[in-house]
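**Q** sequence first, predicted model second:
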Amino acid sequence: PLILGIESSCDETGVGVVRGTQLLTNTVSSSMDEHVRFGGVIPEIASRAHLEAFVPTLQAALAEADVSLEDVDAIAVTAGPGLSGALMVGVAAAKALAVATGKPLFAINHLVAHVGVGLIGRAPADGLPPALGALLVSGGHTEILRVVDIAGDVELLGSTIDDAAGEAYDKTARILGLGYPGGPAIDRVAADGDPKAIRFPRGLSQPKYMGTAEEPGPHRYDWSFSGLKTAVARSVEQYEAAGREVPVADIAASFQEAVVDVVTSKAVLACQEHGITDLLLGGGVAANRRLRELAQERCAAAGITLTVPPISLCTDNGAMVAALGAQLVRSGRSPSGIAFGTNPSLPVTSVVLPEV
Ligand code: ATP
Ligand code: MG
Ligand code: FE
C-alpha cells in the first residue's frame, strides 16, 4: 500500500511516503533553530512552526515521491506521545486531508514508529521475524521491547526509571557548555576524548537491582541516568574548584561510554533471556556513532541480528509514521476514524490510539 505519514510530536514537522516497505520520501522541516537560545523546545513556538511548515512540507514530500494525494491508500499520523499542542497541529492536518480525500486515517504511536522504521527496506514477503525485539533510545524514552506484532502487540520488558538517554545527553551537554541539542554535540566532542578517562556510574547495574536470571532483581532490564548526570556535574565542579581546566572531551567521551555500555549490555541481556534473536534499534539517540558501533558489536557476539536505521530515520520524521501505517494496513487493522484526540503520554504498548 501507498502510505502518507505525518509527524509533529516535537520540533520536527515530518511528512513521509512509503510503498509497503519501500521509502519514497522523508521530508522534514525542523524548528530547532528557534529553540536554541532557550536551551530546549518551547511548546508554543513548536506548535506555531508546525502550522507554518505543514503545507510546504507536504507539497515537497508529494513532489519528491512523485505521487498525488489521490494515489495514497491511507494516511497515518502521530497521535502521541509528545507535546500536546504540537501533536494537535499534525492530527488536525491529517484529519483535514482524510476528510477532503476520503482516505482512511490511522492514529499511531510515535514510539512504535521509531522502532518500526527499521522494517523499511525489508522485502514484504519476509514477514516479521518471530523473535523480534526493539531497543528505543530517544529524547523522552529508553525502553527494551518485545514485539509480538508490530501492528498491535508490543510488550515492555524494561525502561528508564528517571531520565531518558537523550535527556541525559542534553543535560550533560548543558553542564559541559556544549549547547543544545546536546546529543550531536557530545557525539562530536567525544570523538576527541578518552572514554576510559573517568569511570562514570552505570545505573542499576548492582546485584541488588539485577538479581539473577532465575531470580530477577527489581530492575534487571531497567536503566537510570540521573545519577550519571549528577556525577558529571560533580566532576566538572571538582576541576573548577581545583582551578584546573575541565577536560571536556574526556568527560564527554566517558559519559557517552557509560550510557552506551549500560544501554547495550542490558538490552542484550533482555534479548538473551527472552529468546529474542532479531533486534530493531530506534530513536534519536540511535544516531549516536558509539551506540551504533557497540550495539552492533555486542549483538553480533550474542548471535542477535541488529537492524540499525540510517541516521536520517533515527530522529523524528514522517517516514517512520508511514512505515508503521503500512504495517497496520498490511495486518488488516481498521482505521481510527476521525473522532480521536491526542495522548501526550501514550504508552508504547498502545500501538494505535484507543478510540474515544
Ligand atoms: P521521544 O521520541 O521519546 O518522544 P523525541 O522525539 O524528542 O522524544 P527524538 O527526536 O527521537 O526524541 O530524539 C532526540 C534526542 O536524540 C535528543 O535528546 C538528542 O540529543 C538525541 N540525539 C540526536 N542525535 C544524537 C547523537 N548523534 N548522539 C546522541 N544523542 C543524539
Ligand atoms: Mg527533535
Ligand atoms: Fe521521537
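**A** Nice, thanks for sending it over. Numbering: from 1, shown residues only. Ligands and ions are numbered 1, 2, ... in the order given.

**Q** tell me who's in contact with the residue in the stretch 1-150 of the chain that ligand 3 sits nearest to.
**A** Nearest to ligand 3 in the stretch 1-150 of the chain, going by CB to the ion, is S138, at a distance of 4.6 Å. For the C-beta atoms, the positions are set from N, CA and C on the backbone; glycine is no exception. When contacts are counted by CB atoms under 8 Å, 6 or more residues apart in numbering, S138 is found next to L111, H114, A164, A165, G166, G282, G283, G284, V285.

**Q** need phi/psi at the residue in the stretch 201-350 of the chain that ligand 1 sits nearest to.
**A** Closest residue of the stretch 201-350 of the chain to ligand 1, CB to the nearest ligand atom: G284 (1.8 Å). The phi/psi pair for G284 (degrees, to the nearest 10) reads phi -50, psi -40.

**Q** go on, the one 3 residues further on?
**A** With angles defined as degrees, to the nearest 10, A287 shows backbone torsions of phi -80, psi -10.

**Q** from A323, how far out is L23?
**A** From L23 across to A323, the span is 8 Å (CB to CB, to the nearest Å).

**Q** what about the contacts of S138, which are in strands?
**A** Members of the contacts of S138 lying in strands (criterion: DSSP state E): G282.

**Q** quick one: which helix or strand includes A94?
**A** In this structure, A94 sits in helix 84-101 according to DSSP states H and E.

**Q** which other helices and strands contact that helix?
**A** strand 2-7, helix 43-65, strand 74-80, strand 105-109 (3 or more CB pairs under 8 Å, 6 or more residues apart in numbering; DSSP states H and E).

**Q** sorry, back to before: can you tell me the closest non-neighbouring residue to the residue of the stretch 1-150 of the chain closest to ligand 3?
**A** Counting by CB to CB, 6 or more residues apart in numbering, S138 lies nearest to G283, which is 3.2 Å off, once chain neighbours are set aside.

**Q** contact partners for the one you found?
**A** By CB under 8 Å, 6+ apart, the contact list for G283 reads H114, V115, L136, V137, S138, G139, H141, G166, C314.

**Q** repeat that for G303.
**A** Counting by CB under 8 Å, 6+ apart, G303 touches T277.

**Q** next one: it from A79, what distance?
**A** Per CB to CB, G303 is found 37 Å from A79.

**Q** equivalent analysis for R220, please.
**A** Look at R220 and A79: by CB to CB, they are 32 Å apart.

**Q** how about the helices in the stretch 251-356 of the chain?
**A** Applying DSSP state H, counting those that start in this stretch to the stretch 251-356 of the chain gives helices spanning 289-302, 318-330.

**Q** so which of the ones you listed gets nearest A94?
**A** helix 318-330 (9.6 Å; CB to CB).

**Q** cheers, nothing more for now.
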